[in-house]
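Chemist: this one's structure only:
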C-alpha cells in the first residue's frame, strides 16, 4: 500500500517571511520526532553548485544528472525542471511531512502569509488556503473580522505548528 505523504504549502508574496516560517516549522516538527522534507520553488535560474568543484565540472562537461555522495548526505543535480509532484514522489516514504515554500498554484493545503491588508487579495486567488499569518496586527484584525480563516501572528510558530498537525490529521 502506498503511504500518503502529508504536504503543507507556505505561500505569500516576496519577502513575507516564507523561508523563515518554513525553517521555524521544520525545526519544530523535527523536534517532535517527525521526519521533515522541504521543497523551495525558485522563480529564477538558480545554481546551487559552486564553480570549480568536481560536481560543477561534471555538469559543465554535459552530464544530465550528477550526484555528489558523502558519508552523511547526497545531493542530486539534474539539468531539467521538475513538477512539484515529481519532487514529492521522491520524498514519499522518506519523510512524514513536507513543507513546500511557494508553488502557490498547486493543490495542497496552504498557509498564506500577508504583510499588509493589500496582500490579502492573494487569499481570494488561491485554492486550498487553510490558514493565514501576518506580522501586521491590522492585517490580522481584518482577517479575524472576516472570520473565514484561522489567523495567526507570524511569530506564533508553536500555535501554527499545533494547528497544522491537528488539521492535517484529517
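Modeler: Noted; the coordinates are in hand. Keep in mind that this is a model prediction, so the values were computed, not measured.
Chemist: secondary structure class of the residue nearest the centre of the chain, three-state.
Modeler: The residue lying closest to the centre of the chain (C-alpha atoms, centre = their mean) is residue 100, at 2.1 Å. Assigned with DSSP: H, G, I helix; E, B strand; the rest coil, residue 100 falls in the strand class.
Chemist: tell me the bridge partners for it.
Modeler: Taking DSSP bridges as the rule, residue 100 bridges to residue 9, residue 39.
Chemist: and what of residue 151?
Modeler: Beta-bridge partners, per DSSP bridges, of residue 151: residue 132.
Chemist: my read is that it contacts residue 140, right?
Modeler: Yes: Residue 151 is within contact range of residue 140, at 5.2 Å (criterion: C-beta atoms under 8 Å). C-beta: built from backbone N, CA, C; applies to glycine.
Chemist: relative to residue 80, how far out is the residue nearest to the centre of the chain?
Modeler: From residue 100 across to residue 80, the span is 19 Å (C-beta to C-beta, to the nearest Å).
Chemist: now swap in residue 43 and tell me
Modeler: Taking C-beta to C-beta, one finds residue 43 at 17 Å from residue 80.
Chemist: which parts of the longest helix that the chain contains are buried?
Modeler: Ranked by number of residues, the top helix in the chain under DSSP state H is helix 18-31. Using 16 or more other C-beta atoms under 10 Å as the test for burial, helix 18-31 gives 18, 21-22, 24-26, 28-29.
Chemist: also stretch 123-134?
Modeler: Neighbour-count burial for stretch 123-134, counted by 16+ other C-beta under 10 Å, picks out 123, 129-134.
Chemist: want to throw the residues you listed into JSON lines with distance to residue 39 and pLDDT?
Modeler: Shown next, in JSON lines, are the buried residues of stretch 123-134 (distance: C-beta to C-beta, whole Å; pLDDT from 0 to 100):
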{"residue": "123", "distance to residue 39": "22", "pLDDT": "85"}
{"residue": "129", "distance to residue 39": "18", "pLDDT": "95"}
{"residue": "130", "distance to residue 39": "18", "pLDDT": "95"}
{"residue": "131", "distance to residue 39": "19", "pLDDT": "95"}
{"residue": "132", "distance to residue 39": "21", "pLDDT": "94"}
{"residue": "133", "distance to residue 39": "19", "pLDDT": "95"}
{"residue": "134", "distance to residue 39": "23", "pLDDT": "93"}
